[in-house]
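>>> Next input, structure requested:
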Amino acid sequence: MSFVVAATEAVAAAAQDLTNVGSTIDAASAVAGASTGGPLAAAADQVSVAVGQMFSEHAEAYQGIRAQIADFHAQFVQAVSAAGQAYAATEAANASPLQTGVRDLLG
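From the prediction side, this is the model:
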């Protein structure tokens, strides 16, 4: 038999902290996306055009990866929140029969 101890308040606080981190990253990504998402003004030479195109491609790749990271982060926060709620519900359900047993012994 294994014993698991978790502070449900700490799990809930961790989920909220993760949400705050995600919000901060989203805000920073929005700022970065605004400055990197548009076409770059290039000089007339071929090197400037190629460098501008390369930066645009990297910006698009960044936005794609950032979307995947945002999805993963949302799923992770949801999993942590659900785990904390499930643990709290199980703990409450297990405490009820114990309290009844103690009352029966003392009563």
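
>>> biggest helix in the protein, by residue count?
Assignment by DSSP state H gives helix 46-106 as the longest helix of the chain.

>>> okay but Val11 is in contact with Gly84, surely?
Yes. Counting by C-beta atoms under 8 Å, Val11 touches Gly84, with 3.4 Å between them. For the C-beta atoms, the positions are set from N, CA and C on the backbone; glycine is no exception.

>>> what is in contact with those two at once?
Common contacts of Val11 and Gly84 (C-beta atoms under 8 Å, 6 or more residues apart in numbering): none found.

>>> what's near enough to touch the closest residue to Gly22 other than its chain neighbours?
Using C-beta to C-beta, 6 or more residues apart in numbering and skipping the chain neighbours, the partner closest in space to Gly22 is His73 (4.9 Å). Residues near His73 by C-beta under 8 Å, 6+ apart: 18, 22, 25.
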